[in-house]
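In: need a structure here:
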Amino acid sequence: MSISRQNLSVIIVSFKSDHVIHRCISSIDKEIEIIVIENSNNTKLKKKIEEQYTNVKCILSSANIGMGAGNNIGIKNISKDFALVLNPDVILEKNTIDEIIKASKFIDSFGVIAPISDKPEYPNYKLDKNDNHKFDQFSPFKVKTVDGYSMLLNLKRLRKLENFNFFDENFFLYLENDDFCKRLRSKNENIYIVPKSKIHHLGGEAVDRKYHYEIELSRNWHWMWSKFYFNKKHYGY
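Out: Okay, here's the model as predicted:
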């Protein structure tokens, strides 16, 4: 089954992202359903977003539960066949969705398909040289992993996988996408990048700058924990 706007939802997990999330939402076609999971319990943001955009539903989590857990809430609250997971500091180009839709019609099967970063010096994917993965500037190409700030999940397919959970909620921040992709590939699911579909990632701008110091301390801690947990989970002590 190919992707269409009618069977696609967008999931955005945000945390104090008022300053950037409107640019992200405004770059998405109005006919596409958007679910925002707000991890700061910001009732004012929920009210403002739902009043301003008719295609957006905002769900407030009980606490800051992290990216993976937030994505899982979004997945549970949509009935569409496909979900585009975005960070609030990502901006789509006019043809981003169109190019993904076109590409999906020519790919036999995929678990994840993703647009490409418009900054080639900061690729949002990793190739697997052991599987002869190669970059292609025109056609979709297979990759080892894609970054979690922009990845489209084939929910119709993934929901049928035996003993497969979506995002491991033990990852609060960082590497939940690597873990997700690694488990997908162990199920022989394909992960693709669509080079004609581009996105702009502001990078590190998802949380308001006035919380910069607090967030930097948190980032450092969670990066170390995620690295430890990822290696322990997949490779042992």
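In: show me where this protein has its helices.
Out: Applying DSSP state H to the chain gives helices spanning 18-26, 43-52, 67-76, 96-104, 155-158, 176-186, 212-235.
In: so what's the residue sitting nearest the centre point of the chain scoring on pLDDT?
Out: With distances taken as CA atoms, centre = their mean, Val85 lies nearest the centre of the chain, 3.1 Å away. Predicted confidence (pLDDT) for Val85: 98.
In: hang on, it packs against Gly148?
Out: Yes: using CB atoms under 8 Å, Val85 is in contact with Gly148, at 6.7 Å. The C-beta positions use only the backbone N, C-alpha and C, and glycine is treated the same way.
In: pLDDT score for the nearest residue to Ser109 once chain neighbours are set aside?
Out: Once flanking residues are discounted, Ser109 sits nearest to Asn190: 6.1 Å by CB to CB, 6 or more residues apart in numbering. Listed pLDDT for Asn190 reads 96.
In: surely Asn190 meets Gly111?
Out: Yes: between Asn190 and Gly111 there is a contact under CB under 8 Å: 6.3 Å.
In: what count of nearby residues applies to Asn95?
Out: For Asn95, the number of neighbouring residues by other CB atoms under 10 Å comes to 13.
In: look up how far Pro140 lies from it.
Out: From Asn95 over to Pro140 the distance is 15 Å, taken as CB to CB, to the nearest Å.
In: related to what we said a few turns ago, give me the neighbour count for the residue nearest to Ser109.
Out: As a burial measure, Asn190 scores 17 neighbours (other CB under 10 Å).
In: residues contacting it?
Out: By CB atoms under 8 Å, 6 or more residues apart in numbering, the contact set of Asn190 is Ile107, Ser109, Phe110, Gly111, Val112, Lys142.
In: nearest residue to the last one other than its sequence neighbours?
Out: Here the nearest residue to Lys142 in space, its sequence neighbours aside, is His133; by CB to CB, 6+ apart that works out to 5.2 Å.
In: mind listing what the spatially closest residue to Ile49 that is not a sequence neighbour touches?
Out: Nearest non-adjacent residue to Ile49, counting by CB to CB, 6+ apart: Cys58, 5.0 Å away. If a contact means CB under 8 Å, 6+ apart, then Cys58 has Ile35, Val36, Ile37, Glu38, Leu45, Lys46, Ile49, Glu50 as its contacts.
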